[in-house]
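Participant: Next come a sequence and a model predicted from it.
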Amino acid sequence: MMKRLLSVSILALSVTLGSFARADTLADIKSKGKLICGHTQASEPFGFPDQVTRQFVGFDVDICRALARGLGVELELKALSINARIPELKTKRVDVLAALLGYSAERATQVDYSYQYYLSNQKALVKESSGLKSLKDLAGRKLGGSKGSSSVTAAQKLLPTSNILTFQDSPSAYLALQQDKVEAVLFGELILARFAKQAKDQGQPLVEILSEPLFVEPQGIGVNKGESALLAAINELLLAMDSNGELQIIFDKWVGKNSAYGFVRTYKVEPIAP
């Protein structure tokens, strides 16, 4: 009987130790000399293909590059749909996510978040001719968003009478708006600003962003649960990027003074408040 109990204890200890070993993704990254970073595939200016080089570029892509450089390893980029982000992380096809991963309490039960490196106003885009001027005007309307996005989740709670259609990515949802398949689309303010510029530049029906936000969403790097060493290393790198100006350079390049958006960064790298 004692031998059996001892065997069971040894087995349980082995499983526990094995679990800890499997959870040390930072050590695995250092060992293989490569960080696999997941980013969005069609969300300009965060992750999208350059029209000339066909290589993926964007705010989050540059964040991936900075993380790999800070860890002293090579980078492997992996373009993901919005809906595939967390499944790809949880099945360990990617090591981390820098992929428009806005914080939500529900997502925080599945993945751990780094400190915030971006803040996004989630808003609605409508046609200028629609007569829709506020969030309350969207009640009972047909709305569009990306599968698995926090904007859709928020709209389901704030606008329960609305009919919300989900699409694979933001361009697909915007096309549905132009084709009158939906009356508004819900995304981060930057993505909507790009669509508003596109409509003007390409002679499409003009659109406008409603001023009232659905909510303000902090974005962080996503890592699997239990990866405390990796999370600590990422937080340290983000703080360093904030203090040495690297994050500001990335911000200005894609969404700030050197971009078409001209936004001003008013936030800093800090823990995300639930």
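Facilitator: Cool, got the structure. Residues are numbered from 1 along each chain as shown.
Participant: Show the residue spans covered by the strands in this structure.
Facilitator: Ranges of strands within the chain are 34-40, 48-49, 56-57, 74-80, 96-97, 111-127, 142-146, 163-167, 184-188, 207-209, 215-224, based on DSSP state E.
Participant: Mean neighbour count and mean pLDDT added to those strands, as TSV?
Facilitator: Quick note: C-beta positions are derived from backbone N, CA and C, even for glycine. Shown next, in TSV, are the strands of the chain (neighbours: other C-beta atoms under 10 Å; pLDDT from 0 to 100):
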stretch	mean neighbour count	mean pLDDT
strand 34-40	24	98
strand 48-49	18	96
strand 56-57	20	98
strand 74-80	17	98
strand 96-97	28	98
strand 111-127	22	96
strand 142-146	25	96
strand 163-167	17	96
strand 184-188	28	95
strand 207-209	19	96
strand 215-224	22	95
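Participant: Reformat these as CSV; add distance to residue 260.
Facilitator: Converted to CSV, the strands of the chain look like this (distance: least, C-beta to C-beta, whole Å):
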stretch, distance to residue 260
strand 34-40, 19
strand 48-49, 14
strand 56-57, 14
strand 74-80, 22
strand 96-97, 26
strand 111-127, 16
strand 142-146, 22
strand 163-167, 24
strand 184-188, 15
strand 207-209, 15
strand 215-224, 20
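Participant: Could I get the contacting residues of the residue nearest to residue 239 when sequence neighbours are not counted?
Facilitator: Excluding the flanking residues, the one nearest residue 239 by C-beta to C-beta, 6 or more residues apart in numbering is residue 269, at 5.5 Å. Taking C-beta atoms under 8 Å, 6 or more residues apart in numbering, we find residue 269 in contact with 115, 116, 117, 238, 239, 241, 242, 247.
Participant: Make JSON lines out of the residues you listed and add distance to residue 224.
Facilitator: As requested, the contacts of residue 269 are exported to JSON lines (distance: C-beta to C-beta, whole Å):
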{"residue": "115", "distance to residue 224": "17"}
{"residue": "116", "distance to residue 224": "19"}
{"residue": "117", "distance to residue 224": "18"}
{"residue": "238", "distance to residue 224": "18"}
{"residue": "239", "distance to residue 224": "21"}
{"residue": "241", "distance to residue 224": "22"}
{"residue": "242", "distance to residue 224": "24"}
{"residue": "247", "distance to residue 224": "24"}
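Participant: which pair in these spans the largest distance?
Facilitator: Taking C-beta to C-beta, the two most distant members of the contacts of residue 269 are 116 and 241; they sit 12.3 Å apart.
Participant: thinking again about what came up before, Provide the backbone phi and psi angles at the residue nearest to residue 239.
Facilitator: Dihedral pair for residue 269: phi -70, psi 120, per degrees, to the nearest 10.
Participant: from here on, count from 23
Facilitator: Shifting the count to begin at 23 puts that one at residue 291.
Participant: so how far is residue 248 from it?
Facilitator: 23 Å (C-beta to C-beta, to the nearest Å).
Participant: how about the helices in the stretch 173-296 of the chain?
Facilitator: Remark: helices assigned in the stretch 173-296 of the chain by DSSP state H, counting those that start in this stretch are 192-200, 211-223, 250-266, 268-276.
Participant: tell me, which of the ones you listed is the model least confident about?
Facilitator: In terms of average pLDDT, helix 211-223 trails the rest of the helices of the stretch 173-296 of the chain, at a mean of 91.
Participant: Just list what that one packs against, helices and strands only.
Facilitator: When contacts are defined as 3 or more C-beta pairs under 8 Å, 6 or more residues apart in numbering; DSSP states H and E, helix 211-223 sits against strand 133-149, helix 192-200, strand 229-231.
Participant: Off-centre distance for it?
Facilitator: Relative to the chain's own centre, helix 211-223 is displaced by 19 Å; criterion: C-alpha atoms, centre = their mean, to the nearest Å.
Participant: now the angle from that helix to strand 164-168?
Facilitator: Here helix 211-223 runs at an angle of 110 degrees relative to strand 164-168 (axes from the mean of the first three to the mean of the last three C-alpha atoms, to 10 degrees).
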